[in-house]
Structures are given as C-alpha cells and as structure tokens.
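S.K.: The following block contains a protein sequence and its predicted model.
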Amino acid sequence: MTTLRQLEYLVAVVDEGSFTRAAELLHVTQPALSHQIRALEQSTGGFLLERLPRSVRLTPMGRAMLPHARAALADAGRARTAARQVAHLEQGELRLATLYSVSLGVLPPALKAWRQEHGDGIAIRLFEHRHADELAAAMTAGQADLAVGPAPAGWAGPVRDLGVEEFVVVVPQDDPVEDENGTIALNQLQDRDWVHYAPSNGLADILNRHCAAAGFQPRAAVRTEQTAAAPVLAAAGLGPALVPSNVLSPHFDGRVLRPEPRILRTLTAYTRDEPDPIAAAFIEILKANAKIR
C-alpha cells in the first residue's frame with residue numbers, strides 16, 4: 001500500500017537529485033530512505049527512479065507518478081491546515097441538532113453571540129426535530145456533532161446541563177380567568193378547549209402529562225405543528241396554550257400566566273463522544289447566552 005511518507009520520500013529524492021541529500025533533508029538514514037523507495041516501487045509494479053553514479057533520474061513510470069505524488073502531499077497539507085484551523089476555531093462547520101421549540105426560544109441569542117465572536121468562519125448547520133425522541137435517534141445515527149434538548153434516557157455519551165426553561169400559560173389579554181399574582185392552577189382551565197399541539201410535536205406530551213397530573217385531559221380547539229403558532233392562536237382567543245416562556249417576545253400582547261405548580265424542563269447539550277473544539281466552544285456560548293436559568 002502506498003503511503004504519504006513514501007510519496008514524500010520520492011519527491012524529496014527527485015527535488016534533491018540525490019538519496020544522500022534527501023536523507024539529510026528528511027532526517028532519516030539513507031538505508032531507510034532506500035527501503036521506502038523500493039517498497040513504493042514494489043507497490044506500483046516497476047522502477048520509478050534510475051540510479052546514476054552522481055544523481056538520479058525519473059523513469060517513465062516515475063514521471064507519470066510524480067505530479068500525483070506532489071498533489072497528494074499538497075492535499076494532505078491542506079487537510080492538516082484545515083484541521084488546525086478547526087482546532088483553533090478559525091474555520092469549520094458545526095452540525096447542530098435541536099427541537100423546534102429550542103431553535104425558536106433558546107438558540108437565537110446564542111447564535112448571535114457565536115456570530116459576533118467567530119464571524120462567518122465557522123458555519124452552523126441546523127437540524128430541527130419535532131420530538132425529543134426523534135432528536136436523540138438522529139443524534140445516535142450521526143446526523144450532528146452536538147444536540148441541544150432534554151437529556152435522552154440512558155444516553156451513553158457526555159451530557160452537559162445548560163439550565164432550566166419554564167413553561168407558561170397564554171390567554172388573551174381580556175380573558176376573564178382569575179389569577180393570583182400572575183399564577184394559575186391548570187385545573188382552573190379544565191373546562192376550556194386548548195390550543196394543543198400535533199402529536200408529532202413533543203410539547204403535546206408535556207401538555208397532556210401536566211394536565212393529567214391536574215386531573216383532566218385537555219380538549220383541543222386546534223392543533224398546531226408549530227410552537228411559534230401556539231401563543232399567537234391563544235392570544236387570538238382560540239384557547240389557552242402552554243408554551244416555553246423563552247419563545248415569547250418582550251412585546252407579546254397576550255396575557256401570560258405562570259402555572260402552579262411550576263412546569264420546568266431541563267435542557268442539555270449532548271454528544272456521542274467528547275466534544276470537539278468547535279462543539280465545546282458552542283456549549284460555553286450556550287451556557288452564557290441561552291434564555292434559560
């Protein structure tokens with residue numbers, strides 16, 4: 001099998017015109033250099049160099065191989081440079097998988113901070129999923145370098161807690177429901193039709209689970225795939241909606257109530273193996289800038 005070292009030795013012998021000078025340049029013994037050239041010739045099936053008394057000359061096979069040897073060495077050099085640039089956060093790509101609700105509420109400030117710190121040298125490729133189980137399966141299959149979402153049960157790789165996001169109930173500004181200092185028990189809304197989520201959206205599970213704990217199953221006035229649509233529909237009067245508080249803009253015109261007991265979700269960053277330098281740096285940006293506590 002031809003190796004980059006053998007190609008490097010061939011190019012050095014040709015450029016120096018001598019096995020002796022090439023061995024000195026490469027800091028190897030001349031017998032070691034000769035051995036590698038012979039191994040290269042054996043793998044290619046013929047002589048590459050003609051040994052003359054005071055120099056060497058390429059054979060026709062050698063002349064055919066030389067430009068490809070130089071190209072392979074140049075490609076390897078560029079590969080090493082690219083790897084070093086990634087290690088030093090100069091350029092590269094981060095493949096990031098997350099949930100739709102997280103990409104809407106948690107990621108934007110972190111992505112803004114990342115762009116301000118690293119410019120456009122390191123691109124972000126975003127993969128969005130509807131459900132935490134779907135996210136974990138995609139991560140297991142190798143879709144992304146880093147996943148941001150609830151920690152999967154039994155995940156074998158590294159998991160880093162980012163913080164806790166809080167869910168709130170949204171109703172219209174003029175909704176007559178009574179609250180206590182901005183808090184509300186979910187069972188106060190058990191007779192309402194809700195802005196619910198499509199079953200494929202993981203937030204449907206969260207709403208169903210907490211309503212069940214409050215003693216009822218929520219009836220759906222409408223079901224939406226999109227997390228962003230839920231608070232808008234609720235503010236328009238279609239029914240209460242349960243949404244992550246971080247998806248609401250500061251100027252949101254609906255009425256926002258905190259469920260009692262509080263509904264919280266811990267978010268994590270998880271990887272299959274130890275995070276590479278880009279993923280590790282992005283995790284730190286997330287911790288400092290994500291809209292979670």
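M.R.: Thanks, I have it.
S.K.: per-residue confidence for the closest residue in space to residue 151 that isn't next to it in sequence?
M.R.: Excluding the flanking residues, the one nearest residue 151 by C-beta to C-beta, 6 or more residues apart in numbering is residue 268, at 4.4 Å. (Each C-beta comes from the backbone N, C-alpha and C, glycine too.) Looking at residue 268, its pLDDT is 96.
S.K.: any idea whether residue 268 is helix, strand or coil?
M.R.: Residue 268 carries the three-state label strand when classified by DSSP: H, G, I helix; E, B strand; the rest coil.
S.K.: And it, how far from residue 193?
M.R.: Relative to residue 193, residue 268 is positioned 34 Å away (criterion: C-beta to C-beta, to the nearest Å).
S.K.: Tell me which of the two has more neighbours.
M.R.: It is residue 268, of residue 268 and residue 193, that has more neighbours when counted by other C-beta atoms under 10 Å, with 19 against 14.
S.K.: The more buried one contacts residue 146, doesn't it?
M.R.: No - judged on C-beta atoms under 8 Å, residue 268 makes no contact with residue 146 at a distance of 10.5 Å.
S.K.: Overlap of the contact sets of these two?
M.R.: Residues touching both residue 268 and residue 146 (C-beta atoms under 8 Å, 6 or more residues apart in numbering): none.
S.K.: rewinding a little: residues touching the residue nearest to residue 151, list them.
M.R.: Shown in contact with residue 268 (C-beta under 8 Å, 6+ apart): 148, 149, 150, 151, 159, 160, 161, 162.
S.K.: Residue 60 - how many residues pack around it?
M.R.: Neighbours of residue 60 (other C-beta under 10 Å): 10.
S.K.: Looking at it now. What's its pLDDT?
M.R.: 90.
S.K.: what's the distance between it and residue 178?
M.R.: Separation of residue 60 from residue 178 (C-beta to C-beta) stands at 94 Å.
S.K.: Check residue 41 too.
M.R.: As judged by C-beta to C-beta, residue 41 and residue 178 stand 90 Å apart.
S.K.: between those two, who's got more neighbours?
M.R.: Between residue 41 and residue 178, counted using other C-beta under 10 Å, residue 41 has the larger neighbour count: 19 against 7.
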